[in-house]
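Engineer: here is a sequence with its predicted model. Questions after.
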Amino acid sequence: MALKATIFKADLQIADMDRNYYHDHALTLARHPSETDERMMVRLLAYALHASEALAFGKGLSTEDEPDLWQRDLTGAIELWIDVGQPEEKRIRRACGRARRVVVYAYGGRGADVWWDQVGGKLERNRNLSVTLLPAAASQALARLAQRNMQLHCTIQDQQVWLGDAAQRVQVELDAVLVSPAGLGR
C-alpha cells in the first residue's frame, strides 16, 4: 500500500516591504511521504518570497515535469518556475527553456555549497536563472515551525526575511549566488 501525502494548513500573513505586497493567504500543503519538514517549510518560504494570486504549488516530488511552485500567465505559459533543494543541472536547464524566470532555493548547509560548486559554472549562462542558498541553521529552524495547522507571519525587507508564529520567529538571510543578468531576481 502506497503512503499518502500528509496535509498541512497554513494561514500566512505576508508583509513584503521590498515589493509592497501585503496579503493574507490560506494555504494547503501536501507533504510527500519522502519529504522532510525542512523541505516543506523551504517551499513555504519560497511561496512567501514570490507570493501572488497566481502562484501555485506543483504536484510534488513524484512529478518530474512540474516545479515545487509555479506561476502561469493567462495563456498557460510559465512565467515563474521555482525549485527547492539541489535539483539536477539537466532539470534546471530544461526549466530555463520552458519558463520566463527560474528560481532555485538550495538548502542543506555544506551539501548545498558543494552542489553549487558542481553545477554553478554550467548554469551561469542561463540569463533567466537566479539561485539562492539558505543557511542550514535557518532552514532547520524553519522545520521546527512545521505543524499540521499553522498561523504564520512573514516580514520581508532589504532581502532579510523573518518567518514565525506566536511562539518563535526565524530570521533568514538570503545568499544570492546567481542573480539573473536580466534583472529578474526575486
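Structural biologist: Structure received.
Engineer: give me the pLDDT value at the nearest residue to Lys59 once chain neighbours are set aside.
Structural biologist: Nearest non-adjacent residue to Lys59, counting by CB to CB, 6 or more residues apart in numbering: Glu66, 5.3 Å away. The way it works is simple: take the backbone N, C-alpha and C, and place the C-beta from them, glycine included. Glu66 is assigned 91 on the pLDDT scale.
Engineer: likewise the one 5 residues further on?
Structural biologist: Looking at Gln71, its pLDDT stands at 97.
Engineer: what is the neighbour count of the closest residue to Arg148 other than its chain neighbours?
Structural biologist: Closest residue in space to Arg148, ignoring its immediate chain neighbours: Phe8 at 5.7 Å, by CB to CB, 6+ apart. Phe8 has 19 neighbouring residues, counting by other CB atoms under 10 Å.
Engineer: how about Pro33?
Structural biologist: Using other CB under 10 Å, Pro33 has 11 other residues around it.
Engineer: also Asp37?
Structural biologist: 17.
Engineer: equivalent analysis for Leu69, please.
Structural biologist: 23.
Engineer: residue contacts, it?
Structural biologist: Neighbour list for Leu69: 43, 46-47, 50, 55-58, 80, 82 [criterion: CB atoms under 8 Å, 6 or more residues apart in numbering].
Engineer: show me what the helix or strand of the chain with the lowest mean pLDDT pairs with in its sheet, parallel or antiparallel.
Structural biologist: For the chain, using mean pLDDT, DSSP states H and E, the weakest element among its helices and strands is strand 175-178, scoring a mean of 92. Strand 175-178 pairs in its sheet with strand 129-133 (antiparallel), by DSSP bridges.
Engineer: could you turn the buried ones of the contacts of Leu69 into a PyMOL selection?
Structural biologist: Typed into PyMOL, the line below selects the buried ones among the contacts of Leu69, using 16 or more other CB atoms under 10 Å:
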select buried, resi 43+46+47+50+55+57+58+80+82
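Engineer: can you tell me which of the contacts of Leu69 is nearest Met17?
Structural biologist: Here the nearest of those to Met17, counting by CB to CB, is His50; it sits at 15.0 Å.
Engineer: okay, the closest one: pLDDT?
Structural biologist: We have a pLDDT of 97 for His50.
Engineer: distance of the residue most central in space within the chain from Asp11?
Structural biologist: Centroid-nearest residue in the chain: Ala46, 2.8 Å away (criterion: CA atoms, centre = their mean). Look at Ala46 and Asp11: by CB to CB, to the nearest Å, they are 18 Å apart.
Engineer: can you check Leu45 too?
Structural biologist: Applying CB to CB, one obtains 15 Å for the distance of Leu45 from Asp11.
Engineer: of those two, who's got more company?
Structural biologist: Leu45 (25 against 13).
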